[in-house]
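S.K.: Provided below are the primary sequence and the corresponding predicted coordinates.
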Amino acid sequence: MLKILTNLKPFSWTVVAILIFTFGQAMAELALPTLMSDVVNNGMMQGDTGYILTYGGYMLLLALVSSACSVIGAFFSARVALGVGRNLRNLVFTRIENYSLHEFDKLGTSSLITRTTNDIVQVQTVLVMMLRFMIYAPIMCIGGITMAVSRDKGLTLILLVAIPVMMGIIGGLASKVMPAFKVMQKKLDRLNMVLRENLTGIRVIRAFNKLDHEKKRFEQANGDLTDTAIKVNQTMAAMQPVMILIMNLTSIGITWFGGVRIAQNNMQIGDMMAFIQYAMQIMFSFIMVAVMFVMVPRAQASAERINEVLEMVPEINDPAEAKQLTGGRGHIAFEHVTFRYPGAEQPALENISFETGPGEITAIIGGTGSGKSTLINLIPRFYDAENGTILINGVPVTELTQAELRSKIGFVPQSAVLFSGSISENIRYGKTDATQEEVLHAAKTAQAAEFVKDMPAGYETPVAQGGTNLSGGQKQRLSIARALVRKPEIYIFDDSFSALDFKTDALLRAALKKETKESAVIIVAQRVSTVMDADRILVLDEGELVGVGSHRELMKSCKVYREIVASQLSEKEMSSYE
Ligand code: ADP
Ligand code: MG
């Protein structure tokens with residue numbers, strides 16, 4: 001919480017303003033009962049209308065000042081708290097953007113979203129309260145007590161009884177409510193998770209007729225949260241009437257004993273009325289403090305969750321003295337690379353070595369889970385290798401800045417991700433200043449030109465969120481065009497042709513070949529037909545490189561490769577390729 005408050009700095013003048021206005025408000029409120037007692041004692045009791053009007057006027061003025069201060073104070077507090085919220089969201093977002101994939105794996109996307117939104121709102125809410133109360137409550141408490149004592153010492157004894165009773169009750173209720181708050185937060189997390197799964201998995205749920213099952217699951221999470229929330233609110237609801245009861249009993253006590261003192265001529269009526277008001281102000285300040293004690297731990301939990309995001313240090317960082325990629329073009333070399341996912345016992349890749357140069361196509365084939373995606377994720381440094389080196393044009397990737405390294409790469413991920421925006425905007429994502437010709441050319445090479453032409457607004461057709469208005473193959477072709485428009489040194493296709501039919505696949509690879517004469521191309525594929533005419537085929541099996549060579553060589557030397565081929569091609573096709 002404290003760490004988060006350091007974010008207040010940019011708003012320091014506003015914070016000072018809040019303090020000043022809150023101070024003004026408190027002072028005006030403290031002065032009002034005294035003025036009132038003057039009006040009663042010196043005005044009403046003496047029948048002096050002029051006095052009443054003059055002092056009544058002062059009272060009105062003070063009341064106006066106090067409300068004006070209160071409004072301005074509230075305004076600035078809201079500004080500061082929302083500003084802190086905005087800064088925090090920025091901080092969290094920037095930090096998350098710098099995360100490597102490891103950190104995402106650790107915290108989880110869902111949780112990161114909750115932390116950026118809900119948790120920051122929690123902190124924000126408490127911050128508004130703190131800014132208002134941190135000076136107001138103590139002033140009202142100390143000021144109220146001083147003023148009350150100055151009116152009548154004897155009656156103060158009533159407060160000595162009333163306040164401990166009130167604090168006891170508040171403490172009791174708070175100790176019941178506080179743990180429930182934490183539970184509530186967890187149940188809210190669970191509800192979010194169920195809802196998220198339902199929204200993203202709606203097709204699967206419908207296809208498997210699991211609507212009823214999901215409905216039950218949601219109702220359970222929902223009811224669970226509601227039950228806890230009701231319990232919390234019942235307790236909180238009990239708080240208010242109890243407080244009012246105690247305050248009213250205190251007034252009665254003061255009136256009772258005050259009446260006795262007035263009858264004995266030891267006290268004036270106005271003083272007693274002022275005393276009642278001061279007593280209320282004092283008790284109210286205690287309630288405020290108590291509310292803070294309930295609210296702060298709740299925000300504290302959120303603050304800790306936010307700090308966890310801010311303090312997590314990305315594992316992949318730019319080197320202090322980065323090298324430049326000057327010599328050469330389109331060279332990739334893996335030297336004895338071993339890689340293990342955090343917590344995994346078996347390495348996902350073991351002792352991988354190969355080399356590829358400009359104009360060469362390297363294909364990677366292997367069963368699912370054999371480590372193909374893992375291998376290519378190491379090239380743009382999404383993860384760092386545990387052992388061994390990956391070199392681009394002779395420079396280890398760890399000695400380059402991530403921006404420099406990635407600017408050389410055109411990456412087409414396994415599942416095509418498009419952003420909301422038009423088709424041409426999505427292609428330009430690869431190169432912001434691409435001309436219209438470049439966009440058209442990339443689309444043509446990616447075999448996307450045909451279907452884009454048939455779309456209602458051509459290249460300006462909007463892509464829906466997540467690209468749901470396009471087929472899988474269309475999305476993949478657009479994400480290929482996005483990589484092509486960069487004209488990078490290194491092309492990486494992670495199983496990008498699997499959603500295409502054989503003919504489009506072949507056309508695309510033929511068109512691609514013309515584009516990539518001076519670039520390194522790495523193609524991950526499932527189909528033998530896709531990899532067959534590559535210059536070099538890497539055969540992966542459970543993270544190990546079990547074969548390197550052309551189709552012909554591998555057919556002779558590599559058992560795993562022969563098995564893959566046999567599972568896909570008929571005997572006749574096999575013999576015709578040999
Ligand atoms: P392929 O692309 O060849 O199908 P992957 O490279 O995606 O295979 O996965 C290789 C192995 O690494 C699999 O056993 C998989 O379970 C594991 N793996 C993949 N991604 C992660 C991850 N983020 N965390 C832990 N293990 C992973
Ligand atoms: Mg894969």
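M.R.: Right, received. Where do you want to start? Ligands and ions are numbered 1, 2, ... in the order given.
S.K.: Would you confirm that Ala26 contacts Ile139?
M.R.: Yes: in this structure, Ala26 is within contact of Ile139 by C-beta atoms under 8 Å, at 4.1 Å. Glycine gets a C-beta too; all of them are placed from N, C-alpha and C.
S.K.: Mind checking which of these two has more residues around it?
M.R.: The residue with more neighbours, out of Ala26 and Ile139, is Ala26; 25 against 18, by other C-beta atoms under 10 Å.
S.K.: And that one, which helix or strand is it part of?
M.R.: Assigned by DSSP states H and E, Ala26 belongs to helix 12-38.
S.K.: packing partners for the helix or strand that that helix is followed by?
M.R.: Counting by DSSP H and E, the next helix or strand C-terminal to helix 12-38 is helix 49-98. Under the contact definition 3 or more C-beta pairs under 8 Å, 6 or more residues apart in numbering; DSSP states H and E, helix 49-98 sits against helix 12-38, helix 120-151, helix 269-311.
S.K.: Now find how far off-centre the following helix or strand past helix 49-98 is within its chain.
M.R.: Where DSSP H and E defines the elements, the next helix or strand beyond helix 49-98 is helix 101-107. Helix 101-107 has its C-alpha centroid displaced from the chain centroid by 13 Å (C-alpha atoms, centre = their mean, to the nearest Å).
S.K.: Buried residues of helix 101-107, list them for me.
M.R.: Buried positions in helix 101-107, judged by neighbour count with 16 or more other C-beta atoms under 10 Å: His102, Glu103, Leu107.
S.K.: And the next helix or strand past it?
M.R.: The helix or strand immediately downstream of helix 101-107 is helix 109-114, counting by DSSP H and E.
S.K.: Name all residues that make contact with the closest residue to Gly367 other than its chain neighbours.
M.R.: Excluding the flanking residues, the one nearest Gly367 by C-beta to C-beta, 6 or more residues apart in numbering is Asp541, at 7.1 Å. Asp541 sits next to Gly366, Gly367, Ser370, Val560 when contact means C-beta atoms under 8 Å, 6 or more residues apart in numbering.
S.K.: Please enumerate residues in contact with stretch 51-64?
M.R.: With C-beta under 8 Å, 6+ apart, stretch 51-64 has contacts from Ala28, Ala31, Leu32, Leu35, Met36, Asp38, Val39, Asn42, Gly43, Met44.
S.K.: List the buried residues for that stretch?
M.R.: By neighbour count on 16+ other C-beta under 10 Å, the buried set for stretch 51-64 is Tyr51, Ile52, Tyr55, Met59, Leu62.
S.K.: again, but for stretch 157-176
M.R.: Those would be Ile158, Leu159, Ala162, Ile163, Met166, Ile169, Ile170, Leu173, Ala174, for stretch 157-176 by 16+ other C-beta under 10 Å.
S.K.: The first one is in contact with Phe257, isn't it?
M.R.: Yes: because the distance of 6.7 Å satisfies C-beta under 8 Å, Ile158 is recorded as touching Phe257.
S.K.: By proximity to ligand 1, which residue of the stretch 151-300 of the chain wins?
M.R.: Going by C-beta to the nearest ligand atom, ligand 1 is nearest to Thr200 of the stretch 151-300 of the chain, at 18.2 Å.
S.K.: circling back: narrow the contacts of Asp541 to those that are buried.
M.R.: Gly366, Ser370, Val560.
S.K.: So which of these belong to helices?
M.R.: If you go by DSSP state H, these have Val560 in helices.
S.K.: would a markdown table of the buried ones among the contacts of Asp541 with pLDDT and distance to ligand 2 be doable?
M.R.: A markdown table is the format used below for the buried ones among the contacts of Asp541 (pLDDT from 0 to 100; distance: C-beta to the ion, whole Å):
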| residue | pLDDT | distance to ligand 2 |
| --- | --- | --- |
| Gly366 | 92 | 9 |
| Ser370 | 92 | 9 |
| Val560 | 92 | 17 |
